[in-house]
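In: Using only what follows, build the 3D model:
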Amino acid sequence: MEEKEQIKEEIIESHKSEVSEGLEAKPQSEQEPTWKGPLKIILAIFLLLILVFWTLSYYLVKLDPEPGYIPKVEEVIPADLRPVNQTYANFNNAIKPDDIMIKQAADKIVSLACEGNEICQAKALYYFVRDNLQYVKDPVNFEYVEDPKTVLSMKTGDCESGTILLASLLGAIGIDSEIVVIPNHALLKIKLDGASNRYKIDNYIYLDWTCNNCKFGEVSLNVREFI
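Out: Residues are numbered from 1 along each chain as shown. From the prediction side, this is the model:
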């Protein structure tokens, strides 16, 4: 009798175990397909690549930022600014980075365009001169070297006039420059620590405001052959 009871209990326990295993086991239709494992890996790699690309883009923009806005001349000079009745014997004497109006104009331009980055500020001043001045030649056989405030007030000038203005604006925010004279033309070169090498020629950045299609650090082919 005891033996029968023991056999009965073993049968019941065995049945319970089978039922429990049956409940825990997923039906074949509910089991995860084998292809989902590799898909998850591919998706994870893709998301990781997006994160890396976004991070690199963020830091590249911080290292080489672009101006957000280039103001018009009227936004940065006094309404009553008039041409200065003075010319200069050479280019360097005309550069006026310490002139209070030039300093105020430079500060206004970079404050509207950038958020404190020197590379961005240099770009803003270059684009300001390039986009706001109209190129007008000097009289035949006469080199007219005017004051940078005259160039600003008139919004015109030849290659050296705009270059002198750009040199004055850059100097007003602490960026040294040098006027480069080539046959029938003048442009500016600067050294800017931290700027990308893609802007540089022999460690200098050349700025030619008369080239309407030239971005920061670009010069036309006919100018490049002389520098």
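
In: Sketch out the low-pLDDT regions of this structure for me.
Out: By pLDDT under 70, the weakly predicted segments of the chain are 1-37, 40, 44, 46-62.

In: if you go through it in chain order, where are the strands?
Out: Ranges of strands in the chain, per DSSP state E, are 134-135, 156-157, 177-182, 185-190, 200-201, 204-207.

In: And for residue 163, the neighbour number?
Out: Residue 163 sits with 29 neighbouring residues when counted by other Cβ atoms under 10 Å. For glycine as for every other residue, the C-beta is placed from the backbone atoms N, C-alpha and C.

In: correct me, but it touches residue 182?
Out: No - using Cβ atoms under 8 Å, residue 163 is not in contact with residue 182, being 11.6 Å away.

In: follow-up on the earlier one: for residue 67, which of the strands of the chain is the nearest?
Out: strand 204-207 (14.2 Å; Cβ to Cβ).

In: what's the spacing between that closest one and its chain's center?
Out: 16 Å (Cα atoms, centre = their mean, to the nearest Å).

In: Tell me, how many residues neighbour the nearest residue to residue 172 once chain neighbours are set aside?
Out: In this structure, residue 172 finds its nearest non-sequential neighbour in residue 106, 3.9 Å apart by Cβ to Cβ, 6 or more residues apart in numbering. The local packing count at residue 106 equals 25, with neighbours defined by other Cβ under 10 Å.

In: List the contacts of residue 106.
Out: Residues near residue 106 by Cβ atoms under 8 Å, 6 or more residues apart in numbering: 125, 168, 169, 170, 172, 173.

In: Return the subset of these lying in helices.
Out: Residues of the contacts of residue 106 located in helices (DSSP state H): 125, 168, 169, 170, 172.

In: List the contacts of the third one.
Out: So that's residue 169. When the contact criterion is Cβ under 8 Å, 6+ apart, the partners of residue 169 are 97, 102, 105, 106, 109, 125, 128, 129, 148.

In: so how far is residue 101 from it?
Out: Here the distance between residue 169 and residue 101 works out to 11 Å (Cβ to Cβ, to the nearest Å).

In: Then residue 221?
Out: With distances defined as Cβ to Cβ, the gap from residue 221 to residue 101 amounts to 36 Å.

In: cool, and residue 212?
Out: Between residue 212 and residue 101 the distance, using Cβ to Cβ, works out to 26 Å.
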